[in-house]
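have a look at this fold, sequence not included:
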Ligand code: NAD
């Protein structure tokens with residue numbers, strides 16, 4: 001018998017190849033007139049094309065978005081908003097740029113044009129970094145007013161970023177299938193995300209110009225973000241937060257390396273979900289399939305490969321377990337150290 005609570009987020013989505021062309025008309029519908037386009041320095045050239053597309057509805061370009069949304073960058077962007085008289089922002093980029101738009105969303109509406117598979121645009125999770133410490137929280141007000149998913153914008157995403165980025169999305173869905181929370185609506189998002197991403201990511205990496213594969217991967221990321229936005233986080237996200245925050249590991253790659261290990265850790269408490277997960281991955285053994293998917297897309301599979309030293313593991317385990325973790329299998333510092341050691345060595349958990 002079902003028993004659950006589900007609260008949707010205020011999503012508003014346009015999805016389709018070439019859909020960025022609808023941006024001026026969509027702004028008109030929303031009653032918005034002057035958009036400040038946000039991007040990372042790397043993507044400034046392509047973001048300028050969005051400024052050009054917006055024409056008189058563009059207030060300008062702010063191309064200084066950085067990973068983990070430093071408060072100094074938010075302050076600079078706020079100044080740019082004031083100087084240009086913008087009445088909304090358009091985040092053109094991956095999770096870093098979406099994150100900047102979210103940080104400004106209390107003050108003005110944000111439209112997201114995702115160009116990676118981070119899925120952040122579907123969540124109500126915000127993050128900001130001050131003096132080397134990242135704070136995160138949930139607020140529905142940071143969900144973009146509109147998200148325009150145009151898979152053509154992901155065609156230039158190199159395989160080396162696309163693989164881990166897709167596995168970052170996969171982790172959001174897997175964490176929500178194996179959280180023990182048993183919310184059937186969140187599970188729908190998560191299962192379909194896993195199925196779609198597992199099929200799409202190897203195709204994206206093998207044939208980067210395959211627009212259909214890119215579209216599937218972006219759709220999978222959208223669903224994965226929906227599962228994270230309406231679902232929960234547990235041991236997996238705690239470990240990623242600690243490694244990223246205190247040891248400077250790259251975000252998507254950290255998710256990629258840890259995912260088989262955190263999934264194996266929770267498996268004993270969620271046997272039914274593990275069978276569903278394996279079926280969605282098209283495999284018999286879900287943990288092995290996640291590990292092999294990372295290998296297949298050329299993503300890192302060891303903590304060593306992403307700059308963690310073995311001597312850091314005890315401190316990482318201690319930091320991760322400083323406060324209780326909501327997780328279907330109770331977590332001790334010793335367990336986490338063993339898990340991290342396996343992940344360091346790339347030893348497939350059994
Ligand atoms: P990113 O946004 O930092 O992008 C990585 C690099 O790829 C950047 O240099 C960027 O310019 C480049 N890039 C992006 N799209 C490109 C494209 N189409 N073509 C060529 N280059 C492209 O990385 P990310 O993994 O997308 O996002 C990571 C950040 O997002 C982290 O700060 C993470 O905490 C946050 N995040 C937040 C949530 C949430 O729910 N709040 C979810 C996932 C990630």
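On my side now, so go ahead. This structure is a prediction, so every number in the text was calculated from the model and none was measured.

what about the closest residue to residue 40 other than its chain neighbours, how many residues nearby?
Leaving aside its sequence neighbours, residue 40 sits nearest to residue 65 (Cβ to Cβ, 6 or more residues apart in numbering; 4.8 Å). For every residue, glycine as well, the C-beta is placed using N, CA and C. Look at residue 65: counted by other Cβ atoms under 10 Å, it has 30 neighbours.

residues in contact with residue 65?
By Cβ atoms under 8 Å, 6 or more residues apart in numbering, the contact set of residue 65 is 38, 39, 40, 73, 77, 91, 93, 96, 97, 99, 100.

now with 7 Å?
38, 39, 40, 73, 93, 96, 97, 100 (Cβ atoms under 7 Å, 6 or more residues apart in numbering).

how close does it sit to residue 138?
21 Å (Cβ to Cβ, to the nearest Å).

and what of residue 281?
Counting by Cβ to Cβ, the gap from residue 281 to residue 138 is 28 Å.

those two: who's more crowded?
Between residue 281 and residue 138, counting by other Cβ under 10 Å, residue 281 is the more crowded of the two (23 against 12).

which non-adjacent residue is nearest residue 125?
Spatially, and ignoring its direct neighbours in sequence, residue 125 is nearest to residue 138 (5.6 Å; Cβ to Cβ, 6+ apart).

you'd agree the one you found is up against residue 124?
Yes. At 4.9 Å, residue 138 counts as touching residue 124 under the criterion of Cβ atoms under 7 Å.

what's the single longest helix in this protein?
Counting by DSSP state H, the longest helix found in the chain is helix 184-206.

quick one: that helix near the ligand?
No. Using Cβ under 6 Å from any ligand atom, helix 184-206 stays clear of the ligand, with a minimum separation of 11.5 Å.

sheet partners, orientation included, of the lowest-mean-pLDDT helix or strand in the chain?
Counting by mean pLDDT, DSSP states H and E, the chain has its least confident helix or strand at strand 133-138, which shows a mean of 89. Take DSSP bridges as the rule and strand 133-138 pairs in its sheet with strand 125-130 (antiparallel).

tell me where this structure has strands.
13-15, 35-38, 58-62, 88-93, 110-114, 125-130, 133-138, 146-149 (DSSP state E).

what's the local residue count around the residue of the stretch 1-150 of the chain found nearest the ligand?
Nearest residue of the stretch 1-150 of the chain to the ligand, counting by Cβ to the nearest ligand atom: residue 95, 2.0 Å away. By the measure other Cβ under 10 Å, the count of residues near residue 95 is 27.

hang on, isn't it packed against residue 118?
Yes. Counting by Cβ under 7 Å, residue 95 does reach residue 118; the two are 3.3 Å apart.

who in the stretch 251-350 of the chain is up against the ligand?
So the stretch 251-350 of the chain meets the ligand at 251, 252 (Cβ under 6 Å from any ligand atom).

okay, now the unreliable bits of the protein?
The chain contains residues with pLDDT under 70 at 350.

which stretches of it form helices?
Ranges of helices within the chain are 23-30, 44-54, 71-84, 95-104, 159-177, 184-206, 211-230, 235-247, 251-266, 271-281, 286-296, 313-320, 333-345, based on DSSP H.

thanks a lot, catch you later.
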